[in-house]
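Participant: Please find the sequence and the predicted model below.
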Amino acid sequence: MTTRRTHIIGAGIAGLSAALAVTAEGGEAIIYEAAPQPGGRCRTLRKEDGFTHDNGTHVLFTANGYTLDLLKAIGARDRWFEPEPKGLTLYDGPTGETRRVGLSPWSWLLPSRRPRGLTLPDLGRILRLVFTSRNCPVASIIGKGPIMDNLIEPLTVAVLNTPTSQASSQRLACALRQFIRPGAGRLLVARNGLSQDLIEPAVATLQARGAAVLTGQRLRMLLTSQERVIGLALTDRTVMLGPDDRVILALPPYEVERLLPALPVPKTFEPILNVHFRMAGLSTPRFLGFTGTLAQWALIRPDHVSVTVSAADHVVDQNASNAAARIWREIVPALRSLGLDASVDRQPETRVVKEKRATIRQAAETLPQPPLRPLANLALAGDWIGSLPATIESAVMAGEHAASILRHARCARPPLSRERSLKTEDAA
Ligand SMILES: Cc1cc2nc3c(=O)[nH]c(=O)nc-3n(C[C@H](O)[C@H](O)[C@H](O)COP(=O)(O)OP(=O)(O)OC[C@H]3O[C@@H](n4cnc5c(N)ncnc54)[C@H](O)[C@@H]3O)c2cc1C
């Protein structure tokens, strides 16, 4: 009997999720990762000077059922906690006012949790957005006004990493419909960091199931014959596949395009700017939102404060020190209001992380999507697959889906074109 092995390329969330799905059923998986560490866009940066922080703050919501199930499977659910159980504190830069806002619309029944400036017509527009069948820019449904500045703009940019003037109403609506369920809009962050609370437990679970995660192994080329992958040309070796072996490419779209140039993939991306300040913070992390400032979100950890600027096209190519200095000035009053020792004249040690292709641009247009099984024994995964917001949740779903497609496919035969289009719709 020949062994059937699944070769997974990319140890980001999608690749790890695919490997967990394969091994959960007793399958054999091996992951090849180009970088020196797993995690992809979701990782902790450990520097020799001891200043350790995530590449950028990642939040989950209790609506992210696939991710929460994955966290349970790797024994890490309790490592993700809710820093703001009483609602999100939004700090308005220009006025210095703070306000708690509930993320779930049900919490708006309490006046103290309502977004500032929310009116009855606004509620109508929000409902129209949530149940929209049109794919148009979010701004064209919500219009201008306080509710755009105080709720919709920060939410859209956080979820879709795309400005409201372009962001897809349908993709945002997919996420908002999830928030409506009672209890689904609670925001979670990693207690210690992304590697410790997500990536390392996932890798440990895989290793306990006998799977290997090989880092420093970039897939240079796919060797194919008769619509099948027969070999993988990696950094320092070529792996020839057995007759029943399968491959999952859990890669960003530009890598899929390099390896399989005929496939249609999204080609535009949005950056995220992350600024990390090394300072004494809070023993229990807090998460603050900002309006009217370049800074959008700040996570205050015990030994540093991480600030996120999503949809950062307008700032990512500017001088990093100037952007960091501006952000520091903006957040100091909010930090002081939490009792922290922060002063505009004393900017702490700062590190700027620019993720230029943080996610695909999720604009109100039909984004190119390849078939999910473009070769008989190869499936695609990644946060950009399907029509949900490109996030950890979509990466987890895509990884599981790719494993499931290959499990049920008759890999000896080239896939039928009809099957391809059906599978593409499946992922949406
Ligand atoms: C700063 C920032 C903040 C974010 N915030 C959030 C958030 O708050 N909530 C949320 O849900 N999502 C957030 N995201 C999005 C989230 O990080 C991604 O959706 C998710 O990590 C994507 O996982 P992936 O596995 O699809 O892709 P990736 O993480 O890109 O994984 C792909 C992997 O493949 C590897 N690779 C590439 N080419 C090759 C090759 N040829 N051979 C072998 N390996 C290769 C890469 O090194 C990488 O490890 C954020 C992203 C960024 C950058």
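Facilitator: Received the coordinates, thanks. Residues are numbered from 1 along each chain as shown.
Participant: For the stretch 251-400 of the chain, which residues are neighbours of the ligand?
Facilitator: Selection of the stretch 251-400 of the chain residues close to the ligand by C-beta under 6 Å from any ligand atom yields 251-252, 255, 272, 274, 355, 358-359, 382-383, 390-393, 395. The C-beta positions use only the backbone N, C-alpha and C, and glycine is treated the same way.
Participant: need the strands for the stretch 1-150 of the chain, in chain order.
Facilitator: For the stretch 1-150 of the chain, the strands defined by DSSP state E, counting those that start in this stretch cover 5-9, 28-32, 44-45, 53-54, 59-61, 80-81, 88-92, 98-101.
Participant: okay if I get the ones you listed as CSV plus mean pLDDT, distance to residue 302 and mean neighbour count?
Facilitator: Shown next, in CSV, are these (pLDDT from 0 to 100; distance: least, C-beta to C-beta, whole Å; neighbours: other C-beta atoms under 10 Å):
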stretch, mean pLDDT, distance to residue 302, mean neighbour count
strand 5-9, 98, 35, 25
strand 28-32, 98, 32, 22
strand 44-45, 98, 15, 19
strand 53-54, 98, 12, 26
strand 59-61, 96, 18, 20
strand 80-81, 98, 14, 18
strand 88-92, 93, 18, 21
strand 98-101, 90, 22, 17
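Participant: Can you tell me which of the residues of the stretch 251-400 of the chain next to the ligand are buried?
Facilitator: With burial judged by 16 or more other C-beta atoms under 10 Å, the buried subset of those is 251-252, 255, 272, 274, 355, 358-359, 382-383, 390-393, 395.
Participant: Can you tell me which of those residues is nearest residue 233?
Facilitator: Nearest to residue 233 among those, counting by C-beta to C-beta, is residue 255 at 14.0 Å.
Participant: Can you read off the backbone torsions of that closest one?
Facilitator: Per-residue torsions, residue 255: phi -80, psi -40 (degrees, to the nearest 10).
Participant: what separates it from residue 110, distance-wise?
Facilitator: 47 Å (C-beta to C-beta, to the nearest Å).
Participant: Residue 185 now?
Facilitator: Counting by C-beta to C-beta - residue 185 and residue 110 are separated by 14 Å.
Participant: which one of those two has more residues nearby?
Facilitator: Legend: neighbour count by other C-beta atoms under 10 Å for residue 185 and residue 110, higher for residue 185 (21 against 11).
Participant: three-state assignment of the more buried one?
Facilitator: At residue 185 the chain is in coil, as set by DSSP: H, G, I helix; E, B strand; the rest coil.
Participant: Spatially nearest residue to residue 327, not counting backbone neighbours?
Facilitator: residue 295 (4.8 Å; C-beta to C-beta, 6 or more residues apart in numbering).
Participant: who are the neighbours in contact with that neighbour?
Facilitator: 93, 307-309, 327, 330-331 (C-beta atoms under 8 Å, 6 or more residues apart in numbering).
Participant: Pull the contacting residues for residue 307.
Facilitator: 274-277, 295-298, 327, 331.
Participant: Present the residues you listed as JSON lines; the columns should include secondary structure and pLDDT.
Facilitator: Shown next, in JSON lines, are these (DSSP: H, G, I helix; E, B strand; the rest coil; pLDDT from 0 to 100):
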{"residue": "274", "secondary structure": "strand", "pLDDT": "98"}
{"residue": "275", "secondary structure": "strand", "pLDDT": "98"}
{"residue": "276", "secondary structure": "strand", "pLDDT": "98"}
{"residue": "277", "secondary structure": "strand", "pLDDT": "98"}
{"residue": "295", "secondary structure": "coil", "pLDDT": "98"}
{"residue": "296", "secondary structure": "coil", "pLDDT": "97"}
{"residue": "297", "secondary structure": "strand", "pLDDT": "97"}
{"residue": "298", "secondary structure": "strand", "pLDDT": "98"}
{"residue": "327", "secondary structure": "helix", "pLDDT": "98"}
{"residue": "331", "secondary structure": "helix", "pLDDT": "98"}
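Participant: what is residue 9 paired to in the beta sheet?
Facilitator: Note on residue 9: beta-bridge partners by DSSP bridges are residue 32, residue 249.
Participant: correct me, but it touches residue 29?
Facilitator: No - contact criterion C-beta atoms under 8 Å: residue 9 and residue 29 do not qualify, at 11.5 Å.
Participant: ok, which stretches of the chain are helices?
Facilitator: 13-24, 65-73, 120-130, 138-142, 146-147, 153-160, 169-180, 194, 200-208, 253-259, 320-337, 392-408, 417-427 (DSSP state H).
Participant: Report the distance from the shortest one to the chain centre.
Facilitator: I take that to be helix 194. 12 Å (C-alpha atoms, centre = their mean, to the nearest Å).
Participant: any bit of it sitting next to the ligand?
Facilitator: No - Helix 194 does not reach the ligand (C-beta under 6 Å from any ligand atom); its nearest approach is 8.6 Å.
Participant: which residues sit against that helix?
Facilitator: For helix 194, using C-beta under 8 Å, 6+ apart, the contacting residues are 39, 42-44, 54-55, 58.
Participant: go again using 10 Å as the cut-off
Facilitator: Under the criterion C-beta atoms under 10 Å, 6 or more residues apart in numbering, residues 13, 39, 41-45, 53-58, 200, 392 lie in contact with helix 194.
Participant: Kindly report the same for the second one.
Facilitator: By C-beta under 10 Å, 6+ apart, the list of residues contacting helix 65-73 from outside reads 13, 16-17, 20-21, 24, 60-62, 64, 76-80, 178, 181, 184, 188, 190, 197-198, 201-202, 205, 388, 391-401.
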